[in-house]
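Colleague: sequence-free structure coming up:
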């Protein structure tokens with residue numbers, strides 16, 4: 001549905017110019033984004049000095065007129081104008097397409113193909129309100145833009161004369177994939193997640209950024225990733241570190257990491273002094289764009305790559321929603337099996353893992369899965385019971401571990417098969433044991449290949465060195481269950497080594513922190 005899109009500027013500042021005057025302005029603006037946005041007849045929104053420098057660096061050309069940089073990677077503090085900078089780039093890309101009589105022909109794409117400028121934020125609502133909303137504000141305030149034929153239709157800004165559209169998306173949307181985009185602009189990219197499909201910020205960004213590949217031969221496919229610092233080792237800080245360590249492969253990328261006061265001329269360190277006095281650490285993170293000590297990535301990127309490599313060929317007995325897809329038979333080196341679950345209520349997933357212990361106390365997770373309830377509904381435990389029964393019947397399952405008292409029917413089920421059930425809440429020490437197992441050479445714990453669990457593992461954060469948890473809007477339902485199995489065995493080993501009553505006895509009973517559950 002079309003909506004009104006009124007100008008907030010005097011359009012006649014452009015329309016009253018003679019053709020010759022217009023031609024001179026357009027020629028000067030074609031390769032100079034600062035000129036375009038500064039001139040009152042064109043963009044009519046002068047950028048801040050720091051924004052102007054970034055824009056000129058991003059649109060610089062070599063002696064042949066070819067762009068040197070096509071990508072921007074920027075970390076900046078709060079209220080630094082990073083969203084406005086993204087919107088300035090978004091609008092200028094549309095202007096540059098207008099400079100071609102037929103942009104589709106120039107870039108050798110199918111006639112009348114729609115060329116998109118994709119604006120993405122963690123959620124579509126955020127994209128509409130922030131980067132896309134700011135782009136619309138700039139367009140409405142531009143005499144040149146408001147002199148063109150344009151339509152605001154279903155939260156998209158369309159320019160039918162050239163078949164160009166500015167479109168907002170959320171990072172959990174699949175609809176932005178596979179489109180022909182001249183520019184992909186991502187705001188707060190380190191907060192990107194796709195919980196529905198278990199994808200990380202890196203997965204989402206890499207997939208959506210492929211939409212500009214049509215323009216790569218011209219070095220004109222623009223990818224912009226801008227974010228505040230989430231924690232040290234988040235998506236964008238990791239990419240920045242990679243670029244600093246090895247420049248090869250990053251030649252087309254302009255990188256910027258600046259505090260608020262170096263970007264916003266109205267917010268000097270003196271102006272922000274009161275904020276610093278209130279909470280120096282939070283001030284450094286929010287305005288100084290420094291990685292906070294409170295939140296750090298638990299699994300370093302190099303270790304995560306090692307874990308993926310070591311477990312990429314591991315089979316998983318489960319398909320979707322706990323469906324068993326392989327023949328169930330005991331492994332030759334299995335002493336016994338353990339089942340671990342991470343119970344869930346509404347709007348959450350129920351994690352489940354099955355693993356076995358070898359005689360030398362190595363662990364092999366043979367299956368990890370998750371059950372997801374329909375929105376607003378409870379987990380169907382009957383579906384979980386159907387999954388557990390064949391496992392209990394065909395494998396020697398010795399222990400069942402869960403973290404919170406829910407779904408007593410599942411505890412009753414495993415106890416009917418003579419399995420001891422224990423409740424245990426994971427601690428930071430448990431996660432450190434798990435991490436040690438995974439990074440050993442070879443790993444002491446092998447993981448079944450389940451993409452959700454690897455994504456969850458890569459996103460875990462260490463909070464003030466007191467607690468390991470998932471990031472906001474993230475999850476750890478699947479990887480929790482893997483950690484439960486490993487930590488159970490390792491705690492037992494530690495207890496046997498330190499408790500004289502158990503040392504040398506080879507007893508493999510419940511360890512400290514586990515609470516045996518009586519029959520329900």
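Modeller: That came in fine, so what should we check first? None of these values were measured; they are calculated from a predicted model.
Colleague: Kindly list the single helix or strand of this structure that scores lowest on mean pLDDT.
Modeller: Lowest mean confidence among the helices and strands of the chain (mean pLDDT, DSSP states H and E): strand 515-516, at a mean of 58.
Colleague: low-confidence ranges in the stretch 401-520 of the chain?
Modeller: 464, 472-473, 495-520 (pLDDT under 70).
Colleague: ok, residue 3 - how many residues close by?
Modeller: Neighbour count of residue 3, defined by other Cβ atoms under 10 Å: 9. (Each C-beta comes from the backbone N, C-alpha and C, glycine too.)
Colleague: same check, this time on residue 431
Modeller: For residue 431, the count of nearby residues is 23 (other Cβ under 10 Å).
Colleague: again with residue 457
Modeller: Neighbourhood size, residue 457 [other Cβ under 10 Å]: 23.
Colleague: Now for it: which residues touch it?
Modeller: For residue 457, the contact set (Cβ atoms under 8 Å, 6 or more residues apart in numbering) comprises 299, 304, 307, 479.
Colleague: which ones are touching the first one?
Modeller: It stands for residue 299. Counted by Cβ under 8 Å, 6+ apart, residue 299 has contacts 307, 435, 457, 458, 460.
Colleague: can you rerun that using 10 Å?
Modeller: Residues counted as contacts of residue 299 (Cβ atoms under 10 Å, 6 or more residues apart in numbering) are 233, 305-307, 431, 435, 438-439, 454, 457-462, 468, 479.
Colleague: Repeat that for the last one.
Modeller: Taking Cβ under 10 Å, 6+ apart, we find residue 479 in contact with 299, 342, 351, 353, 368, 431, 434, 447, 450, 452-460, 470.
Colleague: which parts of the host helix or strand of it are buried?
Modeller: Under the criterion of DSSP states H and E, residue 479 resides in helix 477-498. The neighbour-count check on helix 477-498 (16 or more other Cβ atoms under 10 Å) flags 477-492, 495-496 as buried.
Colleague: Measure how far that helix is from the centre of its chain, please.
Modeller: Centre-to-centre, helix 477-498 and its host chain are 29 Å apart (Cα atoms, centre = their mean, to the nearest Å).
Colleague: Skipping its backbone neighbours, what lies nearest residue 445 in space?
Modeller: Once flanking residues are discounted, residue 445 sits nearest to residue 437: 3.9 Å by Cβ to Cβ, 6 or more residues apart in numbering.
Colleague: Confirm that the one you found sits in a helix.
Modeller: Yes - read with DSSP: H, G, I helix; E, B strand; the rest coil, residue 437 is one of the residues of a helix.
Colleague: tally of neighbours for it?
Modeller: 21.
Colleague: quick one on the thing from earlier: list buried residues within the contacts of residue 479.
Modeller: 299, 342, 351, 353, 368, 431, 434, 447, 450, 452-460, 470.
Colleague: Which ones among those map onto helices?
Modeller: 431, 434, 452, 453, 454, 455, 456, 457, 458, 459 (DSSP state H).
Colleague: got a list of what the closest residue to the fourth one other than its chain neighbours touches?
Modeller: Right, the one you point to is residue 453. With Cβ to Cβ, 6+ apart as the criterion, residue 453 has its nearest non-adjacent residue at 4.0 Å, and that residue is residue 478. With contacts defined as Cβ under 10 Å, 6+ apart, the neighbours of residue 478 are 198, 342, 349-353, 368-370, 448, 450-457.
Colleague: distance of residue 478 from residue 366?
Modeller: Distance, residue 478 to residue 366, by Cβ to Cβ, to the nearest Å: 14 Å.
Colleague: same question, residue 455
Modeller: 20 Å.
Colleague: go on, residue 208?
Modeller: Residue 208 is 34 Å from residue 366, by Cβ to Cβ.
Colleague: What of residue 48?
Modeller: Counting by Cβ to Cβ, the gap between residue 48 and residue 366 amounts to 57 Å.
Colleague: same thing with residue 123?
Modeller: Distance, residue 123 to residue 366, using Cβ to Cβ: 37 Å.
Colleague: For the residue nearest to the spatial centre of the chain, give me its contacts.
Modeller: What sits nearest the mean C-alpha location of the chain, by Cα atoms, centre = their mean, is residue 201, with 1.7 Å. When contacts are counted by Cβ under 10 Å, 6+ apart, residue 201 is found next to 122, 171, 186, 188-194, 225, 227, 230, 234-236, 238, 458-459, 471, 474.
Colleague: Also residue 111?
Modeller: Here residue 111 is in contact with 102, 104, 105, 163 (Cβ under 10 Å, 6+ apart).
Colleague: ranges for the helices of the stretch 101-250 of the chain?
Modeller: Counting by DSSP state H, counting those that start in this stretch, the stretch 101-250 of the chain has helices at residues 103-106, 124-129, 131-140, 143-146, 201-209, 235-245.
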